[in-house]
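> below: sequence and its predicted model.
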Amino acid sequence: MQCCICKEKPATVHLAQIVGEKMQKLDLCEDCAKAKGVNDPANFAVADLLLGLGASQELDPSASVTEVKCPRCGFSQADFKKSGRLGCPECYVTFAEGLAGLLKSMHKGTRHVGKTPEALRQSRENVDRLKVLQKRLAKAIETEDFETAATVRDEIKAMAAVPAKSR
Amino acid sequence: MKNLDSFLIPPAQAARQHGPNDCIVMSSRVRLARNLRDAAFPTWAKKPERVRILDTILPAVSTLPEMTDSFAEAMDNLTQIDKQILVERHLISREHAAKNIGSGLVLNRAETFCVMINEEDHLRMQALRPGFQIREAWQAIDQLDSLLERKLNYAFDNELGYLTACPTNLGTGIRVSAMLHLPGLVLAEQINPIIQSVNKLGLAVRGLYGEGTEALGNVFQVSNQMTLGESEGVIVERLEKVLAQIIEHEENARQKLLEEKAKVLFNCIGRAYGNLAFAHIISSKETMNQLSLLRLGIDLGLFPGTERALVDELFLITQPAHLQKQLSDKLSAEERDLARADMLRERLKAVPRPAVK
């Protein structure tokens, strides 16, 4: 069996992962496996490799790879290539890896700026604030400014005490 | 069911709606794309799911105070001609006109709001205004959307914003556009560099009926392309700036033509007048292109006493579906070319020849 990435060397690393009801398989040679960082199969998502746009182009579609499908609507990446449209809102999660590069080339940024539904605004602001606080905490610890670190930690605790509205 | 024909503003009246800079900016539009959280997008959803989505959204939209006494209908209840008339009025997209079961439309009395249901997204809501009023259109649709979000569960992600069927609309889901009449830039052969520089700013320039259509009658649509990573306000502001510049270029081009190429200009306008006033067979395409020059002539003061509204009305009623609605929907293309010429000769009888100084 040949490596499904370089298609030259024999495949010695075999990966199988079950996502939803589908099994995904990859057969790699040792060099390609190393290049893709497949050292710890437990920590490795086949989908990441399949859906990274660069990687998917290298993959031979006839290789023993079962396609990723959106668990919510059954939409596949091949469907996206055909139509340029996604199947359902959940597809943005299912195909997140592959879409990241596309969105970057298509838009001004990759993070939404602008209107947010009123009901979600609070939770969105909380998420943003939490990120800022966590960064400040890390920095404070790094510079050994423990006084600030303690204050920031308390702020984070206080925020966690208020249950954030679910998305 | 309401009759679309009697619901729509009569063409003569529609052509008399005025707005700022309307000699160049024919209309402004802001559209928002929204989807329900728990449903497949319309292009992927099966018929029963699309019908269920339509049955959820249509009542939610038509009961909004802004949509009182609106025209709310499923697409399969409209005839082919009715759908085509809505396209010619720029109320729905050509894509939406091709829809049937499971898609719908809600249009308010004043024709300032038109909501397409299950086009490419579950909701494509638009605010329309005559002339250069993109800010007003944005404020109007923002308000409508805020009312609707209380009734419907939108698909929204903290990182990616409003989720849309096509990743090109992701984020704000906004498309801000203006329809521009640019005969001066076309005659002065400056239109291509203008289009190129507008494209460089990340804006799209399209033809009369949007994506993939020709710029018939020297009418161009300018709109934003990117929707993620910038707020609606920033997008509206950029469009405003660019449109103001295009308006200035068009005005300058007209002035320059008058000063340096008056003969060429009068030749074009005079011939357009002659063709329209005396033709016995004329296609829809030729009509639009010649009416564009007549409109330019009116703007330049060559037809004192003739209103621009006459041209705008003719622009509408000489298009295929409008023509068939007035006469008979059984007209062949050849018969329409005869009927169109008859109509133009009749309506232009009262217009005296261009007054060239």
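That came in fine, so what should we check first? What you are looking at is a predicted structure, and each value in this text was computed from that prediction instead of being measured.
> if I pick the residue lying closest to residue B:44 once chain neighbours are set aside, what's in contact with it?
With C-beta to C-beta, 6 or more residues apart in numbering or on different chains as the criterion, residue B:44 has its nearest non-adjacent residue at 4.1 Å, and that residue is residue A:87. Any C-beta I mention is one placed from the backbone N, CA and C, and that applies to glycine too. Neighbour list for residue A:87: A:70, A:72-75, A:79, B:40-41, B:44 [criterion: C-beta atoms under 8 Å, 6 or more residues apart in numbering or on different chains].
> try it again at 6 Å.
Residues in contact with residue A:87 (C-beta atoms under 6 Å, 6 or more residues apart in numbering or on different chains) are A:70, A:73, A:75, B:40, B:44.
> which one of those has the most neighbours?
residue B:40 (26 neighbours; other C-beta atoms under 10 Å in any protein chain shown).
> what strand or helix carries it?
Assigned by DSSP states H and E, residue B:40 belongs to no helix or strand.
> cool, and residue B:240?
Per DSSP H and E: helix B:232-260 holds residue B:240.
> residue B:223 now?
Per DSSP H and E, residue B:223 falls inside strand B:219-224.
> strand partners (parallel or antiparallel) of that strand?
The pairing partners recorded for strand B:219-224 under DSSP bridges are strand B:174-181 (antiparallel), strand B:203-206 (antiparallel).
> which residues are contacting that strand?
B:175-182, B:203-206, B:208, B:235.
> could I get those as a markdown table with pLDDT and neighbour count?
Formatted as a markdown table, the contacts of strand B:219-224 follow (pLDDT from 0 to 100; neighbours: other C-beta atoms under 10 Å in any protein chain shown):
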| residue | pLDDT | neighbour count |
| --- | --- | --- |
| B:175 | 97 | 23 |
| B:176 | 98 | 26 |
| B:177 | 97 | 23 |
| B:178 | 97 | 28 |
| B:179 | 96 | 20 |
| B:180 | 97 | 23 |
| B:181 | 97 | 24 |
| B:182 | 96 | 27 |
| B:203 | 95 | 21 |
| B:204 | 94 | 17 |
| B:205 | 94 | 18 |
| B:206 | 90 | 19 |
| B:208 | 73 | 19 |
| B:235 | 97 | 26 |
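> could I get those residues as a markdown table with distance to residue B:250?
Formatted as a markdown table, those follow (distance: C-beta to C-beta, whole Å):
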| residue | distance to residue B:250 |
| --- | --- |
| B:175 | 22 |
| B:176 | 19 |
| B:177 | 17 |
| B:178 | 12 |
| B:179 | 13 |
| B:180 | 8 |
| B:181 | 8 |
| B:182 | 5 |
| B:203 | 16 |
| B:204 | 18 |
| B:205 | 13 |
| B:206 | 17 |
| B:208 | 17 |
| B:235 | 22 |
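> of those residues, closest to chain A?
Of all those, chain A sits closest to residue B:235, with 8.3 Å by C-beta to the nearest C-beta.
> find the closest residue to chain A in the stretch 251-357 of chain B.
Across the stretch 251-357 of chain B, the shortest distance to chain A (C-beta to the nearest C-beta) belongs to residue B:321, at 28.0 Å.
> got the phi/psi numbers for the closest residue to that residue other than its chain neighbours?
Take residue B:321 and drop its neighbours on the chain: the residue closest to it by C-beta to C-beta, 6+ apart is residue B:84, 3.5 Å away. Main-chain dihedrals, residue B:84, degrees, to the nearest 10: phi -70, psi -40.
> quick one: residue B:84 from chain A, how far?
Using C-beta to the nearest C-beta, to the nearest Å, we find residue B:84 at a distance of 25 Å from chain A.
> what kind of secondary structure is the one residue in chain B that gets nearest to chain A in?
Nearest residue of chain B to chain A, counting by C-beta to the nearest C-beta: residue B:229, 2.2 Å away. The three-state assignment at residue B:229 reads coil, by DSSP: H, G, I helix; E, B strand; the rest coil.
> any idea how many residues pack against it?
21.
> where does pLDDT dip in the chain?
Since you didn't name a chain, this refers to chain A. Under the criterion pLDDT under 70, the flagged ranges of chain A are A:15-25, A:32-66, A:162-167.
> my question was about chain B, not that one.
Where chain B drops to pLDDT under 70, the residues are B:209-214, B:357.
> which bits of it sit near chain A?
Contact residues, chain B versus chain A (C-beta under 6 Å from any C-beta of the partner chain): B:37, B:40-41, B:43-44, B:149, B:154-156, B:158-161, B:163, B:165-166, B:168, B:171-172, B:226, B:228-232.
> flag every buried residue along stretch B:29-49.
By neighbour count on 16 or more other C-beta atoms under 10 Å in any protein chain shown, the buried set for stretch B:29-49 is B:29-37, B:39-45, B:49.
> just stretch A:151-161 next, same as before
By 16+ other C-beta under 10 Å, the buried positions in stretch A:151-161 come out as A:152, A:156.
> what are the ranges of the strands in the chain?
By default, I'm working from chain A. A:13-19, A:22-28 (DSSP state E).
> sorry, should have said chain B
Here chain B has its strands, by DSSP E, at B:25-34, B:71-74, B:104-107, B:113-117, B:123-130, B:156-157, B:161-162, B:174-181, B:203-206, B:219-224.
> scan chain A for its longest helix.
Under DSSP state H, the helix in chain A containing the largest number of residues is helix A:118-142.
> any part of it near chain B?
Yes. Using C-beta under 6 Å from any C-beta, helix A:118-142 reaches chain B at A:120, A:124, A:127.
> which among the residues of chain B next to chain A end up buried?
The buried subset of the residues of chain B next to chain A - by 16+ other C-beta under 10 Å - is B:37, B:40-41, B:43-44, B:149, B:154-156, B:158, B:160-161, B:163, B:165-166, B:168, B:171-172, B:226, B:228-230, B:232.
> for chain A, which residue gets nearest to chain B?
Going by C-beta to the nearest C-beta, chain B is nearest to residue A:109 of chain A, at 2.2 Å.
> give the contact list for the spatially closest residue to that residue that is not a sequence neighbour.
Excluding its sequence neighbours, the residue lying closest to residue A:109 (C-beta to C-beta, 6+ apart) is residue B:229, at 2.2 Å. Contacts for residue B:229 (C-beta under 6 Å, 6+ apart) come out as A:107-109.
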